[in-house]
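>>> sharing a model prediction with you, sequence too.
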Amino acid sequence: MIQIIHVTLELDIDNRGIGLLATVVAAFPRETNGEVASISLVGRIISYLVNRVDRYFACAYIVITDWAEAFAHAQVNGKLSLSYMKRVIHLADHQVSAVQLSSGIALAVQRRLADILIAGYHSPRPRE
């Protein structure tokens, strides 16, 4: 499950921080194969890198989606659904260490610093 959480600093009467207040804004399911290694969030667009290693092979992929749309479509007939719009980018090299969003571009930084994957994502527009 991916959760979007809004965190605010609670202040006392002297404007000193006394604690944190966390509120879950949205949550949506993700595929369960693999471990989330990195997450990047810019506005309503979220990307996360999944590394999967099992007995026979290793792979990595990046998922990019509009988290508000994913949250809105995450429940179908009372059950969690993976049918929300997303872009999945399968990487040939599983040695990816991070994913970073910037201006609608996802950058996947591989452990060898020179290798960078650039993949655009555009939120789907409703048809008129």
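Looks like it came in fine. Note that the structure is predicted; figures quoted are calculated from it, not measured.
>>> how about the lengthiest strand in the chain, which residues are buried there?
Longest strand in the chain, counting residues (DSSP state E): strand 17-28. By neighbour count with 16 or more other Cβ atoms under 10 Å, strand 17-28 contains the buried residues Ala26, Phe28. Bear in mind the C-beta positions are built from the backbone N, C-alpha and C, glycine included.
>>> residues in contact with that strand?
Here strand 17-28 makes contact (Cβ atoms under 8 Å, 6 or more residues apart in numbering) with 1-12, 67-68, 70-71, 73-74, 84.
>>> mind running it again at 6 Å?
For strand 17-28, the external contacting residues (Cβ atoms under 6 Å, 6 or more residues apart in numbering) are 1-10, 12, 67, 70-71, 74.
>>> just these: which are in helices?
Trp67, Ala70, Phe71 (DSSP state H).
>>> top of the residues you listed by neighbour count?
When neighbours are counted by other Cβ atoms under 10 Å, Ala70 leads these with 25 neighbours.
>>> ok, that residue touching Ser83?
No: contact criterion Cβ atoms under 6 Å: Ala70 and Ser83 do not qualify, at 9.7 Å.
>>> just the buried ones from the contacts of strand 17-28?
Looks like those have Ile2, Ile4, Trp67, Ala70, Phe71, Ala74 buried, using 16+ other Cβ under 10 Å.
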